[in-house]
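Visitor: here you go, sequence then predicted model.
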Number of protein chains: 2
Amino acid sequence: MSIANVDEIIIPAGEDYHTHLRHGDLMNMVVPHVRKGGICRALIMPNLTPPITTLEQVVAYKSELEGLDSSVEYLMTLYLHPSLTPEIIAGAKAVGVTGVKSYPRGVTTNSEAGIESYDVYYPIFEAMETAGLILHLHGEIPSNPDNDVCVMNAERSFLSHLEKLHAAFPKLRIILEHSTTKEAVALVKKLGPTVAATITAHHLELTVDDWAGQPHNFCKPVAKYPSDRAALRAVVKEGNPKFFLGSDSAPHDRTKKESCCGSAGVFTTPLLMPYVVTTLLEMGCTSEQIVGFTSANGRAFYDLPDLKQNITLVKESATVPQSYAYGEAGEVVPFKAGQTLAWSLRSQ
Amino acid sequence: MSIANVDEIIIPAGEDYHTHLRHGDLMNMVVPHVRKGGICRALIMPNLTPPITTLEQVVAYKSELEGLDSSVEYLMTLYLHPSLTPEIIAGAKAVGVTGVKSYPRGVTTNSEAGIESYDVYYPIFEAMETAGLILHLHGEIPSNPDNDVCVMNAERSFLSHLEKLHAAFPKLRIILEHSTTKEAVALVKKLGPTVAATITAHHLELTVDDWAGQPHNFCKPVAKYPSDRAALRAVVKEGNPKFFLGSDSAPHDRTKKESCCGSAGVFTTPLLMPYVVTTLLEMGCTSEQIVGFTSANGRAFYDLPDLKQNITLVKESATVPQSYAYGEAGEVVPFKAGQTLAWSLRSQ
């Protein structure tokens, strides 16, 4: 279907296969915005303080999220950590866990407990394969001047780990999260059907120029070269089913962004579907490509039922708010604050 | 001379062949710090608002600077601009101008009046060759997604312009300012003796990781890969006479750095020689290499007399101030604010 000349599109609600909902005051503000952003199902990252490594924490956190908005389906994750056991993995699915997230140590927010080597986790990966859990990879290696590794090539330098893990566990579903480079796109396309990748709303828009001096566009992995962005756009536009939306929306207080040492993360939750649909329509995507990227591809890879909920986007431009308040004096600046989006969600 | 075990070194005062002294309140604060930073001679950039394009402006600005501190020798520059004429160039040396600065349009602070093509300036370059003025190049081309040009490769993409200019004007002295890449180092080494390069204090220290989310380390050109920094260090350590200090110190108010859209520039003026000497000693440089980089190489390229002023650096660690106040409520955060430098300048 061509949608070049329509001014309203009705599509399935989006599914966000990677988001950070935080805890405390920030969580209380963010969670109700998931649904308002056009999302009916979301994969929740476990990098709280402390990280989520037990099923008791999963149950408690999921219950908190459902208490704030029960209309969203929350898929839960565990943090890959030495305290995980095959027994925990075996019991995880029953409490709503669909996967385990791996953070290389120290590369992003709350990753101090991240992994240094995958080999010690092979018993966990075997248990995950048996239990049907997904391995979510933050695909960067730590910067190291001796090997010329820095934020610009940390993902490319990680890809051999992805290849090795897939070769060792060909049946284990693995997702290279928030992929940002042409090399990552090429490798995920090449590997078997158990390997997929998420792409964020902001990495479809940004390059390194956009976070140079602009902290609200700074995230990990950082946005790369224009040719990398072009590769991300191309694989979405070709409708490749191995690539789907994972926003990596990551709210931080304004004071933690506009500072000497800014936190990594872009906040897209409140307008996630308007951001993505505006971008994909500007790219000339068809409605099939939009639906594939924003819900169908991810749902198929996760092997989940269709929630059969629709949203309506209308061609009415709207200004992105300058910030979202939370707690007593907190404030989070969203992606593209103050800019105009061509498409808006009709209230449901 | 080995200086591995000394705790005091006496060397010629530094010469800073690229600095921004601003105007108004900021200038009033910055200028007295040039000498305090161990510098006796400085090349002053012309990117004020409006840019310095007339000899009257040069005379007035130089007089202001001398009024604030007459102990420093100020070398003045004109801004390469359509209003420049061969007649202005012919009269420039008499009022203290040693060179003309070229800014590609829009790539850094106050470069809106910068050039788009060099060809129209060939009559100016001829006049500069005759008058013995130096051409100072901000060596970046504007970002362009269609050509995959962004801040990370804008300098590398500029280098063909340097080669072309040198081929067209082999007698014209050209300096590739604040060079940041291994490709720039290799090209400047390869080209004839009329081509040199400056290197800043901060580019000897920083990589892309250091300005990711850290606005006080964000400057143009941006710091690049660890291997680029290694190439800058190597060419300084080998004592190559074509490479010398140009700090590109560029003060901005804290509020313009810690903001949604930070200004480009690192402020090193107040502690310039302590920064550089600490770095070079950590790199294992000899005193000959230190003196070459911080004064002798630049002076030889510029063909200027030795001012015969010495400074004393002592191995006494000192903490870099958190900020420098100016005007009524202004504040500039220096490079490495709050960190410790191993070497200090003894007051003169």
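Guide: Received, thanks.
Visitor: average pLDDT for stretch A:291-310?
Guide: Averaging pLDDT along stretch A:291-310 gives 98.
Visitor: kindly report the same for stretch A:329-336.
Guide: Here stretch A:329-336 scores 98 as its mean pLDDT.
Visitor: if we go by neighbour counts, what in it is buried?
Guide: Neighbour counts using 16 or more other C-beta atoms under 10 Å in any protein chain shown place A:330, A:332-336 of stretch A:329-336 among the buried residues. C-betas here are computed from N, CA, C, even on glycine.
Visitor: for chain B, what is the nearest residue in the stretch 1-150 of chain A?
Guide: Taking C-beta to the nearest C-beta, chain B has its nearest neighbour within the stretch 1-150 of chain A at A:P145, 3.7 Å off.
Visitor: got the contact list for that residue?
Guide: Residues in contact with A:P145 (C-beta atoms under 8 Å, 6 or more residues apart in numbering or on different chains) are B:207, B:226, B:229-230.
Visitor: just those residues that are near chain A?
Guide: B:207, B:226, B:229-230 (C-beta under 8 Å from any C-beta of the partner chain).
Visitor: so does stretch A:199-217 get close to chain B?
Guide: Yes - Stretch A:199-217 is in contact with chain B by C-beta under 8 Å from any C-beta, via A:207-209, A:211-216.
Visitor: what's the end-to-end length of that stretch?
Guide: Length of stretch A:199-217, first residue to last, C-alpha to C-alpha, to the nearest Å: 15 Å.
Visitor: low-scoring stretches of chain A, by residue?
Guide: Within chain A, the stretches with pLDDT under 70 are A:1-4, A:106-116, A:348.
Visitor: around chain B, pick out the residues from it.
Guide: A:143-146, A:148-153, A:207-209, A:211-216, A:218, A:222, A:225-227, A:229-230, A:258-264, A:333, A:337.
Visitor: 7 Å instead?
Guide: Neighbours of chain B within chain A, by C-beta under 7 Å from any C-beta of the partner chain: A:143, A:145, A:148, A:150-152, A:207-209, A:212-216, A:218, A:222, A:225-227, A:258-264.
Visitor: sort out for me which of those residues are in strands.
Guide: Members of the residues of chain A next to chain B lying in strands (criterion: DSSP state E): none.
Visitor: redo the contacts of A:P145 as TSV? Include neighbour count.
Guide: Formatted as TSV, these follow (neighbours: other C-beta atoms under 10 Å in any protein chain shown):
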residue	neighbour count
B:T207	24
B:P226	20
B:R229	24
B:A230	16
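Visitor: wait, which of these is closest to chain A?
Guide: Proximity of these to chain A (C-beta to the nearest C-beta) peaks at B:P226, which lies at 3.7 Å.
Visitor: gap between the closest one and B:A264?
Guide: As judged by C-beta to C-beta, to the nearest Å, B:P226 and B:A264 stand 21 Å apart.
Visitor: now A:G38
Guide: According to C-beta to C-beta, A:G38 and B:A264 sit 37 Å apart.
Visitor: between those two, which one's more packed in?
Guide: Neighbours were counted for A:G38 and for B:A264 using other C-beta atoms under 10 Å in any protein chain shown; A:G38 has more, 27 against 22.
Visitor: any idea how far A:L245 is from that one?
Guide: Counting by C-beta to C-beta, the gap from A:G38 to A:L245 is 11 Å.
Visitor: beta partners of A:L135?
Guide: A:V100, A:I174 (DSSP bridges).
Visitor: residues near it, how many?
Guide: 26.
Visitor: got the contact list for it?
Guide: Applying C-beta atoms under 7 Å, 6 or more residues apart in numbering or on different chains to A:L135 gives the contacts A:99-100, A:102, A:125, A:128, A:172-174.
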